[in-house]
Structure formats: structure tokens, C-alpha cells
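Participant: okay, predicted coordinates and the sequence, questions at the end:
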Amino acid sequence: MKGLFLTLEGIDGAGKSSHIDALEALFKAQGRAVTRTREPGGTPLAESLRTMILEQPMDPLTESLLVFAARRDHVVRVIDPALARGDVVLCDRFTDATFAYQGAGRGFDPAVLSTLEAWVQAAPQALLQPDITLWFDLPPETAAERLAGARLPDKFESQPVEFFRRVAAGYAARAAAAPRFARIDASRSREQVWQQVEAVLAERGLVAADSGARA
Ligand SMILES: Nc1ncnc2c1ncn2[C@@H]1O[C@H](COP(=O)(O)OP(=O)(O)O)[C@@H](O)[C@H]1O
Ligand SMILES: Cc1cn([C@H]2C[C@H](O)[C@@H](COP(=O)(O)OP(=O)(O)O)O2)c(=O)[nH]c1=O
């Protein structure tokens, strides 16, 4: 069976992580093997880099290089082998986050990011890209309200709302350019958000329409 590469994207607090368990259950109920992972991270080396990226201040080029170094290790050791086995790879963030956070958020040159993307995601036929990207779209003010008190903010989560406006605009621009993006209105209730996720997967023929899993 052909592997399926699914990524979840959105600003911090958009509600991505709240639906990963249900996504895993949904695909498993269809008889699929699931590899669940995240970025930055997903391998011991990449998780070490994640700690540095999320805890230490650094200039945007350093940050971009570390994010892509982590991604390279992750692609080679986890994502490529899982897709070759035919797994569904559920990945909490991937390169769209780099264009949104380092590019749009921090103002780093997207042309350099595209070059790094080409090196890191080089594949025999074409660039490795997600088959579908669930984009949890939520106004930054609402995300900030949801996050207030929910968890200790990391380096990015403690950025002002203007930063997340730029990140959100970065995601919107990426989504407009790539049909693999499926926009989810993340301002709705958890149940309504999950219904949109299920509907989009069914519309794209990635799960049976009557799969029945619930968040
Ligand atoms: N649809 C929703 N409505 C209200 N609150 C939500 C909703 N989805 C998630 N939350 C809450 O918002 C916060 C951020 O959700 P989370 O899934 O951790 O976001 P992300 O992984 O995108 O950063 C959590 O406290 C979570 O319980
Ligand atoms: C993948 C990636 C994440 N990030 C940022 C976005 C998030 O603020 C942070 C970690 O993402 P995330 O795992 O969503 O955080 P949490 O576990 O706290 O929900 O890393 C980048 O800046 N660039 C990237 O390429």
C-alpha cells in the first residue's frame, strides 16, 4: 500500500495537537499502520535540536539551519522509511511551519528557505512534500486566549500577537499556492473541528466516508 504523508499546521494554540489521537485512531480503524511524529523533532538528534531551537535565542538564519538539520535527520531516519513501508505518517508540523515562522514571522528570506527545502527534501522523482496538510486556521487573538494559562509558553508562544499575525499570513499565502492544503476553521468547537477534519479526509478519498471515529 502507498504511504500517506499528512501534516498538521497552524499557529500555536490553533488546536492541532487536540486531534492527533483521533486521527491515529481513524487511520488504524481503516487497517493502516500509523507513524506519529512531530517537528522540530522525531529522532533523538532532532529532539536535541528542538530543545535548542525552542529554548535559546538565535538569529533567524541559525534557527532555519537548525530546523532544517533536524528535518533532514527526521526525513532520512523516520519519514522516508515509514512512507516506503506504506504507513500513514502523521506529522505535527513540517516545512510549511518554517516558511510561516522563520520566513513570515521572523522575516527571513524565503528564497534561502526554498533552497534548504530542496536540499533536505530531495527525492528521486520530485521534492518530498506532504500529500495533505490540515491547516488549522484561527485568529491569533483567539489562539492567545486559548493558550493563556493552558501551558508554560516557549520561545515562540511568548511572542506578541503581531508575530502570530505574520505567521498566520504566511500560512495563508502557502495555502493559497498549494492544493494539498485543507483549511480547517479552528474557531469552532472541538467536535465541529473534528467533523471538518473527517469531511476533508473523506472528500479527498483518504478514508471511507462512514469511518465513524470521533474526537
Ligand atoms: N476547538 C477548541 N475550542 C476551544 N479550545 C480548544 C479547542 N481545541 C483546542 N483547544 C484548547 O486550546 C489549547 C491549544 O490547543 P492545542 O491542541 O494544544 O493547540 P496546538 O497543538 O495547535 O498548539 C489547549 O488548551 C486546548 O485544550
Ligand atoms: C517545525 C517548526 C516549528 N517551529 C516552531 C513552531 C512552534 O512554536 C514550535 C513547536 O511547535 P509545536 O510542536 O506545535 O509546539 P507545542 O508542542 O508547544 O504545541 O516550533 C518553527 O519555528 N519552525 C519550524 O520549522
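Facilitator: Received, thanks. Numbering: from 1, shown residues only. Ligands and ions are numbered 1, 2, ... in the order given.

Participant: spell out which parts of the chain neighbour ligand 2.
Facilitator: 12, 17, 38-40, 54, 67, 92-93, 97-98, 101-102, 154, 156 (CB under 6 Å from any ligand atom). Where you see a C-beta, it was placed from the backbone N, CA and C, and this is true even at glycine.

Participant: farthest-separated two in those residues?
Facilitator: 17 and 102 (20.8 Å; CB to CB).

Participant: more neighbours: those two, which one.
Facilitator: Between residue 17 and residue 102, counting by other CB atoms under 10 Å, residue 102 is the more crowded of the two (25 against 12).

Participant: quick one: the more buried one and residue 61, what's the gap?
Facilitator: For residue 102, the distance to residue 61 (CB to CB, to the nearest Å) stands at 9 Å.

Participant: hey, what's in contact with both of those two?
Facilitator: Taking CB atoms under 8 Å, 6 or more residues apart in numbering as the criterion, residue 102 and residue 61 both touch residue 108.

Participant: re earlier: and ligand 1, which of the residues of the chain next to ligand 2 reach it?
Facilitator: Checking these against ligand 1 (CB under 6 Å from any ligand atom), the matches are 12, 17.

Participant: in the chain, which spans are helices?
Facilitator: Assigned by DSSP state H, the chain shows helices spanning 20-29, 44-55, 60-74, 80-85, 95-98, 110-120, 140-147, 161-177, 190-203.

Participant: mean neighbour count, those: which tops it?
Facilitator: Highest mean neighbour count of these: helix 95-98, a mean of 25 (counted as mean count of other CB atoms under 10 Å).

Participant: burial of the spatially closest residue to residue 163 that is not a sequence neighbour, as a residue count?
Facilitator: Spatial nearest neighbour of residue 163, excluding adjacent residues (CB to CB, 6 or more residues apart in numbering): residue 105 at 5.4 Å. A count of nearby residues for residue 105, using other CB under 10 Å, gives 24.
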